[in-house]
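Undergrad: missing the sequence, but the structure's below:
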């Protein structure tokens with residue numbers, strides 16, 4: 001999840017593919033500063049993707065916990081009545 005969220009392949013294609021749509025375009029150069037920026041952006045977006053995945057996981061875990069607790073409370077209530 002993390003790496004797939006962090007690496008934007010469409011953005012990196014502009015450095016690799018010099019011809020877009022059959023016409024010649026000037027390619028962007030990958031200088032040292034641009035490499036650092038792309039690595040920084042990939043790292044931040046990777047961590048952001050992992051954070052979203054953890055948020056969704058813990059939300060579902062909380063919902064499952066509440067459902068189990070409600071089931072246990074009902075089971076305890078029916079066993080104490082009988």
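TA: Cool, got the structure. Since we're looking at a predicted model, the values are computed, not measured.

Undergrad: Now do the helices in this protein.
TA: 2-6, 9-16, 32-81 (DSSP state H).

Undergrad: most packed of those?
TA: Across the helices of the chain, averaging neighbours per residue (mean count of other CB atoms under 10 Å) puts helix 2-6 on top, at a mean of 15. In short, each C-beta sits where N, CA and C put it, glycine included.

Undergrad: Can you list the low-confidence ranges for the chain?
TA: 1-28, 82 (pLDDT under 70).

Undergrad: In contact with residue 70, which residues?
TA: Contact criterion CB atoms under 8 Å, 6 or more residues apart in numbering gives no residues in contact with residue 70.

Undergrad: How much space separates it from residue 76?
TA: Distance of residue 70 to residue 76, computed by CB to CB, to the nearest Å: 11 Å.

Undergrad: Could you do residue 42 as well?
TA: 51 Å.

Undergrad: Likewise for residue 59?
TA: 26 Å.

Undergrad: do the same with residue 60
TA: 25 Å.

Undergrad: For residue 48, give its distance to residue 39.
TA: From residue 48 to residue 39 the distance is 15 Å (CB to CB).

Undergrad: whoops, I mixed them up, residue 59
TA: 31 Å.

Undergrad: what does residue 69 give?
TA: For residue 69 relative to residue 39 (CB to CB), the value is 45 Å.

Undergrad: same thing with residue 54?
TA: 23 Å.

Undergrad: same check, this time on residue 76
TA: Noted for residue 76: a distance of 55 Å to residue 39, by CB to CB.

Undergrad: same deal with residue 65?
TA: For residue 65 relative to residue 39 (CB to CB), the value is 39 Å.
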